[in-house]
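Novice: Starting from these lines, generate the structure:
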Amino acid sequence: MRNLFDKGLSFRSFMFNVDDENKNKFMKYYIPMEIDHEVKNKIIFLEEEINILGAVEPWCPDCHINLSVLEKMISFNNKITLKLVTRDMIDNELDDYKVDGKIKVPTFVIMDKDFNIKGAFIEKIDMVRNADIETIEGSKINMKYKAGKLIKETAEELLKIIIGA
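Specialist: Numbers count the residues shown, from 1 in each chain. The predicted structure is shown next:
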């Protein structure tokens, strides 16, 4: 995992290599995004060094949302390092996180300073993943997610993994 992490790009370097159309899709979420005050404070006062390896793709709508949330959150604490890789850079390092034989994007593996794994976030928040889009309620949840209206819930779910709660 450490070797793959070392090959990864920072968010800024990753964005530099993203085409304009997808860069605009990321920024549509990132620029106006506000992180919940309680989540922000927990990130700010986190004293532990954290390493996060993200498997992402620039075209992926779930990456546009969830990578933007994660980057905005960790921007409040320089003890958290995020490195990003695309699926073509991965051999078998993330096999434990495959779903139906594939690496879902985004997959964020959260580790401590010694690269011991604390947990992982795969593709979307549980609320969305578990929503039955064949129902009105499930469809509403999915629409709120795609509209960027579940930022607080996404940040809270990522925070639980980061702080180990």
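
Novice: shaky segments in this protein?
Specialist: Residue ranges of the chain with pLDDT under 70: 165.

Novice: Which residue ranges of it form helices?
Specialist: Assigned helices in the chain, in chain order: 2-7, 11-16, 20-30, 37-44, 61-74, 126-129, 136-146, 151-163 (criterion: DSSP state H).

Novice: any idea which of the ones you listed is most buried?
Specialist: Neighbour counts (mean count of other C-beta atoms under 10 Å) averaged over each of the helices of the chain peak at helix 61-74, with a mean of 23. In this view, the C-beta of every residue, glycine as well, is placed from N, C-alpha and C.

Novice: how much does that one deviate in direction from helix 151-163?
Specialist: If you take axes from the mean of the first three to the mean of the last three C-alpha atoms, to 10 degrees, helix 61-74 sits at 70 degrees to helix 151-163.

Novice: Kindly calculate the angle that helix 61-74 makes with helix 20-30.
Specialist: Interaxial angle of helix 61-74 relative to helix 20-30 (the same axes, to 10 degrees): 50 degrees.

Novice: Please shift the residue numbers so they start at 780 in all later answers.
Specialist: Noted, 780 is the first residue going forward, which turns the last one into helix 840-853.

Novice: any residues touching helix 840-853, and which ones?
Specialist: 790, 801, 804-805, 807-809, 812, 814, 818-819, 822, 829, 831, 833, 835-836, 859, 861, 863, 884-885, 887, 900, 902-904, 924-925, 927, 930, 933-934, 937-938 (C-beta atoms under 8 Å, 6 or more residues apart in numbering).

Novice: go again using 7 Å as the cut-off
Specialist: 790, 804-805, 808-809, 812, 814, 818, 822, 833, 835-836, 859, 861, 884-885, 887, 902-903, 927, 930, 933-934, 937 (C-beta atoms under 7 Å, 6 or more residues apart in numbering).

Novice: that older thread, and Gly880, which of the helices of the chain is closest to it?
Specialist: When the helices of the chain are compared by C-beta to C-beta, helix 905-908 sits nearest Gly880, at 17.3 Å.
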